[in-house]
Structures are given as C-alpha cells and as structure tokens.
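[1] following is a predicted model, sequence given first.
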Amino acid sequence: MGKNKTESREFQIDISSVIRRFLKEFIYIFCVAASVAMLYGVVMNFTYQDQFSATTTLIVNSKQASNSSMRRVSASDTATSFQEVINTNLLQRKVAEEMGISSLPGNVQCSLIPNTNLITLTVTAASPKNVVYVMNGVLDHYDVVMDSLIGQTTIQILDEMDVPYQSVTRSEQWLNMGKAFLVVFAFLTACLVLYDVLRDDIKNEKEVEKKLDTKLYATVYYEKLNYGLKNLLKRTKNIGLTITNPSIGFGFTETYQKIATKVEYSLGSDKKVLLITSINENEGKSTVAVNIALTLAQRDKKVLLVDGDLRKPAQYKLLGLEYSDTDKQIKDYLSGEADRKQAVVYDKETRLSVLAGSDAVYDTTGIYDQDRMKKLFDELRAEFDYIIIDTPPVFSAADTEEFLSIVDMGLLVVAQNYSKVKDINDGIDMFRFSSCELIGCILNGVKTSPISVRKNGYDYAYNSRYSYGYGGYGYNYNRKNRYGYGGYGKSNPYDHRNRGKKDKEQLKDE
C-alpha cells in the first residue's frame, strides 16, 4: 500500500461542490417534497371536518383567603386546578351528566394566563350551534363540579363568548401543505449537503495533492458543446467531445495541447506506449485518450490509438467509425486472427491510426495472451512514434492489468465529485505493484463555479447535453467522413504543431 494521506480524513467543506450537487439534484428533491405535500393534502382532504370555535375569558376567585394578597395567590392556584380539571375532560363528563347527555358534542380546553387568575375557555365543535350549546352548558353547571372537586370558588365571566368562527379553513389547509413541502424540502437538502460534505471524493484540484498518492498531471475543465439553433431544430447531435469537433472551444483544445506536450516530455525518446484508464465508469477516460492521440497526430507524429476496452468499446463512437461484418477489429488482432494492416484504420485528415472495434467481447478468455500481446506490441512500437491505449476502468474489469506489462507509462483519469478517494488510491497501488509507471492523474470535467461562466474558452456551466460517459454516447455518425467533421486543420485555422514544439522546449527549460 502507498503512503497514508491523513489529510483525506480532514473535515472540509467545498461550498461550490455543495451548490453544484444541490443544483444537480434539485429537481428530484423538489419532486419528492411536492409529492409528500400533495399526499398530505389528499389525506387532509379525506379526513377534513368543519370545525368552529368560540372563546370566553373567566376570572377565578377563592373565598378561603383572608386578605387580598393571599386571595390572589389562592385564586391563581384555583385557576390552575380549574385548568387541569377541564383539560383532563373530568369537568366535561360531570357537565354532561348534569345536562342529562352521554357526552358533550364538542371539546373544551382552557389556558391559564400566566401570573393571573384569568382563564381563557375555548370550545370547539362541528357547528356553531354545538359550540354555543357546549359553552352554555359548561358555564351553567361548572359550580356543582367545582364545589365537589376544589372547594369554595367564585367564577365570573370577564368577556362574553364571541361569535363562533371557523377554526380550520381551506386556506389553512393549503398553508399546511406548504409547510409540509418546506419541511421535507429542507430535510432532503440537509441530507444532500451532509452527503456531499462527508463523501470522500475529489472536489477540487487542491485535494488531489492532499488525498491521492500521485500528482496532478493536468486539469480538464468542463466543456459544454454548443449545438446551435440549426442542429437543435433538426434534433441532430455533433460528434463526441473531441478537438476535431467545430463546436469545441479554444480553451478545451489548448488544454490538450499542453497535455500532449507534457506526454511527449514524460515519455521521452525511449518510451512510446501510454495507458489511460480510470477507476470507475463515466469518468471520461476514453475522451481523454482520443484527444491526446489526435493532438499528438497533429504534430506530424505517427500515433496509434488502441481501444483496449473490449467489453464496452467507445472509440469507434467518438470517432464515428463504422465496421462491417467482414472488417477486422482489435479482437481479431489480439487473438492472432488478423494482422496489423487488416485491423488498423488510418485517416489522412486527422493523421491518426486507430486499432479499435465495435463488437463487445464479454468473454476475453484466449484473447489476452501475454506472449502474443508482447510480440504484437513490439511490432507496433517499431511502426509508430506513440501508442495510446484506452483500457477498461480498473474496478469494472481485470483486463487493464493485462496491459500493464506491455506499456511504459500510465495516466489515471479522475472525474470531479465521482470516485471515492480510497478506491482511487487502491487503483494507484495497482500501478505501484506493476512495471507500468503512473505519471499522474488528470482531473476531468472540473467545474469551478455552480453557474454558467464562459471564460477564455472554458465553459464552467453545470448542465450539458453531452456526457463524459463510459458507454451509450448516442452520437450522429457521418457516413461521408469516418471522423464526422473532418480533420482539425479544416475546422480550425490555428496550427498547433509549431506551438507544441515550442511548449515542449519551454517545459524542458522549466
């Protein structure tokens, strides 16, 4: 195991991360809260009964006290006892017996005004008539009950009974539904915030150095594809998030120019094969691999992009490749059923060679033969300047380990707010115990702001129609051109080849 990063256990709050997660889950929280509120409203509607109330104020005095001061104290104690008697329904039963009925058609409650001998008597019933009936019954027969239970008391009406009013209205029901919505919404929001704070993932660039057993190699900011009104009306989609896509911003392309320069410097003159993987699915490792390969190919390098993810191939979707039943694919090449010329596809416009396939292979038994793979990749090393291999996520299949012995270096793609730190460090340990040198991680899809801010070509917006996904891209394949939109030179007049050489020289100086 690698060194233990104690900082990963520190309690840290990334406000931007919390807001982004809230915005992402807002619609679900809103729907759940609204559903609970509506369910509460339905239950209230079926159980609702009209309720009317009326109140009156009583003053309680005791005849047993000898002076005015003791009389006030005794009266207050008597009022407290009177309140307890009424609220325990004892007086109500006695009054009902005196009135010759089994039970009062309403509820009686009283509350003591603090530090006084005043009592507020409230009667609630299903109709105003019952309210008046119960109130008069209590006021007419309480003396018999109080004499037997408490002793000598006098009770006088301070305020006459007001007109019965409807205590629970329809508007109050709607108000209660709103309160239920707010309570549920606040509870779910608090749970979501707590989840984001306690979840030990990578929320920003600073946490890479603090929590991971590797260095931050590069940061790829979130890029939102601009489909345009024409494509939106036609309901068509552009190709994948590649630098050959004319909808890509300049900042995104410039990021990969810098990454390609660092890759050239890291590999040097004696190393050629770079493995790119991730911990889990949907972290964007296929997008990173294809863009590094395309960028290197623009610099007049002979580059081969290998889609080593046989279970869920993605590169043919990103590049718009189409395979017929007779075409040879990477599975045929690795199993020895096809040679390099039959399986490798070359595009003149992008100057990129691709060894990929469209058929998913779920049983890779017999394909990954170490001796045969070593021989095949030795032939590829002699043919190409750089070989970029897109392998399956570490935790989705064991196929990545089959490539570790034949590659020179590796890059780990880590999506922001995705994989747990423990899992990432476990994946890093896999590299440590192999002959493949892990040169760092690429923090992918980074959003530094919860709102959409386009700056210097980077789009920090939150929502996008494009997914960095591991499978199911759903791109529009252009049959006229294998790569959908043609070479980079046609879609962007900016030539990065000389710029890339200059960046490489500057990096050496640093």
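    Looks like it arrived, so ask away. Residues are numbered from 1 along each chain as shown.

[2] show the backbone phi and psi for E97.
    phi -60, psi -40 (degrees, to the nearest 10).

[3] could you do F52 as well?
    According to degrees, to the nearest 10, F52 has phi -120, psi 150.

[4] next, count neighbours for it.
    21 (other C-beta atoms under 10 Å). To be clear about C-beta, it is placed using only N, CA and C from the backbone, and glycine gets the same treatment.

[5] could you verify that L305 is part of a helix?
    No - according to DSSP: H, G, I helix; E, B strand; the rest coil, L305 belongs to no helix; its state is strand.

[6] which residues of the stretch 301-450 of the chain fall in helices?
    315-319, 330-334, 340-343, 370-383, 399-404, 421-432 (DSSP state H, counting those that start in this stretch).

[7] with the stretch 151-300 of the chain instead?
    Going by DSSP H, counting those that start in this stretch, the stretch 151-300 of the chain shows helices at 170-198, 206-211, 228-234, 250-267, 285-297.

[8] tell me the most buried of those helices?
    Mean neighbour count (mean count of other C-beta atoms under 10 Å) peaks for helix 285-297 among those, with a mean of 28.

[9] now the angle from it to helix 250-267?
    Angle of helix 285-297 versus helix 250-267, following axes from the mean of the first three to the mean of the last three C-alpha atoms, to 10 degrees, is 80 degrees.

[10] for helix 285-297, packing partners?
    Applying 3 or more C-beta pairs under 8 Å, 6 or more residues apart in numbering; DSSP states H and E, we find helix 285-297 packed against helix 250-267, strand 273-278, strand 303-307, helix 315-319, strand 352-355, strand 386-390, strand 409-415, strand 437-446.

[11] how about 7 Å then?
    helix 250-267, strand 273-278, strand 303-307, helix 315-319, strand 352-355, strand 386-390 (3 or more C-beta pairs under 7 Å, 6 or more residues apart in numbering; DSSP states H and E).

[12] sheet partners, orientation included, of the fifth one?
    When sheet partners are counted by DSSP bridges, strand 352-355 sits next to strand 303-307 (parallel), strand 345-347 (antiparallel).

[13] likewise for the second one?
    Each strand paired with strand 273-278, and its direction, by DSSP bridges: strand 386-390 (parallel), strand 409-415 (parallel).

[14] check contacts around the closest residue to L334 other than its chain neighbours.
    Among residues not flanking L334 along the chain, I367 sits closest, at 5.0 Å (C-beta to C-beta, 6 or more residues apart in numbering). Applying C-beta atoms under 7 Å, 6 or more residues apart in numbering, we find I367 in contact with 310, 331, 334-335, 361.

[15] right, and N291 touches N245 too?
    No - N291 lies out of contact with N245 (C-beta atoms under 7 Å); the separation is 10.1 Å.

[16] for S286, see how far away P393 is.
    The gap separating P393 from S286 is 10 Å, by C-beta to C-beta, to the nearest Å.

[17] same thing with E337?
    Going from E337 to S286 by C-beta to C-beta gives 25 Å.

[18] equivalent analysis for T56, please.
    78 Å.

[19] S419 now?
    16 Å.

[20] same question, D347
    D347 is 17 Å from S286, by C-beta to C-beta.

[21] distance from stretch 260-278 to the middle of the chain?
    The chain centroid and the centroid of stretch 260-278 are separated by 33 Å, computed with C-alpha atoms, centre = their mean, to the nearest Å.

[22] end-to-end on that stretch?
    One end of stretch 260-278 to the other measures 18 Å (C-alpha to C-alpha, to the nearest Å).

[23] which outside residues touch that stretch?
    Under the contact criterion C-beta under 7 Å, 6+ apart, stretch 260-278 has outside partners 217-218, 285, 288-289, 292, 295-296, 377, 381, 384-391, 393-394, 400, 403, 406-413, 436, 439, 500, 503-504, 507-508.

[24] can you rerun that using 6 Å?
    Outside stretch 260-278, the residues that touch it by C-beta atoms under 6 Å, 6 or more residues apart in numbering are 285, 288-289, 292, 295-296, 381, 386-391, 393-394, 400, 403, 407-411, 413, 439, 500, 503-504, 507.

[25] repeat for stretch 29-42
    Residues from elsewhere that reach stretch 29-42, judged by C-beta under 6 Å, 6+ apart: 177, 180-181, 184-185, 188.

[26] likewise for stretch 122-133?
    With C-beta under 6 Å, 6+ apart as the test, stretch 122-133 has contacts from 51-55, 105-109, 134-135, 164.

[27] now do the buried residues in it.
    In terms of neighbour count (16 or more other C-beta atoms under 10 Å), stretch 122-133 has its buried residues at 122-125, 128, 130-133.

[28] what about that stretch, average pLDDT?
    On average, the pLDDT along stretch 122-133 is 83.

[29] how far does that stretch sit from the chain's center?
    On C-alpha atoms, centre = their mean, the centre of stretch 122-133 falls 53 Å from the chain's centre.

[30] may I have it as PDB, with CA atoms only?
    Output of stretch 122-133 as PDB, limited to C-alpha atoms (Å, rounded to 0.1, in the frame of the first residue of the first chain):
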ATOM      1  CA  THR A 122     -62.300  27.600  24.300                       C
ATOM      2  CA  VAL A 123     -65.000  25.400  22.900                       C
ATOM      3  CA  THR A 124     -64.600  23.600  19.500                       C
ATOM      4  CA  ALA A 125     -67.400  21.700  17.800                       C
ATOM      5  CA  ALA A 126     -68.600  20.700  14.300                       C
ATOM      6  CA  SER A 127     -71.200  23.500  14.100                       C
ATOM      7  CA  PRO A 128     -71.700  27.000  15.600                       C
ATOM      8  CA  LYS A 129     -74.900  25.700  17.300                       C
ATOM      9  CA  ASN A 130     -72.900  23.000  19.200                       C
ATOM     10  CA  VAL A 131     -70.300  25.500  20.200                       C
ATOM     11  CA  VAL A 132     -72.900  27.700  21.900                       C
ATOM     12  CA  TYR A 133     -74.600  24.600  23.400                       C
END
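
[31] lowest confidence element among the helices and strands of this structure?
    One helix or strand of the chain scores below all others by mean pLDDT, DSSP states H and E: helix 488-491, with a mean of 34.

[32] among the buried residues of stretch 122-133, which lie within helices?
    Using DSSP state H, the members of these that fall in helices are 128, 130-133.

[33] longest helix in this structure, please.
    Every helix in the chain considered (DSSP H), the longest is helix 15-47.

[34] now that helix: buried residues?
    Applying 16+ other C-beta under 10 Å to helix 15-47 flags 17-21, 25, 29, 32-33, 36-37, 40-41, 44 as buried.

[35] and for stretch 295-309?
    Across stretch 295-309, burial judged by 16+ other C-beta under 10 Å covers 295-299, 301-309.

[36] show me which pair in those is furthest apart.
    Farthest apart among the buried residues of stretch 295-309 by C-beta to C-beta are R299 and D309. That separation is 25.5 Å.

[37] over stretch 321-331, what's the mean pLDDT, rounded is fine.
    The model assigns stretch 321-331 a mean pLDDT of 89.
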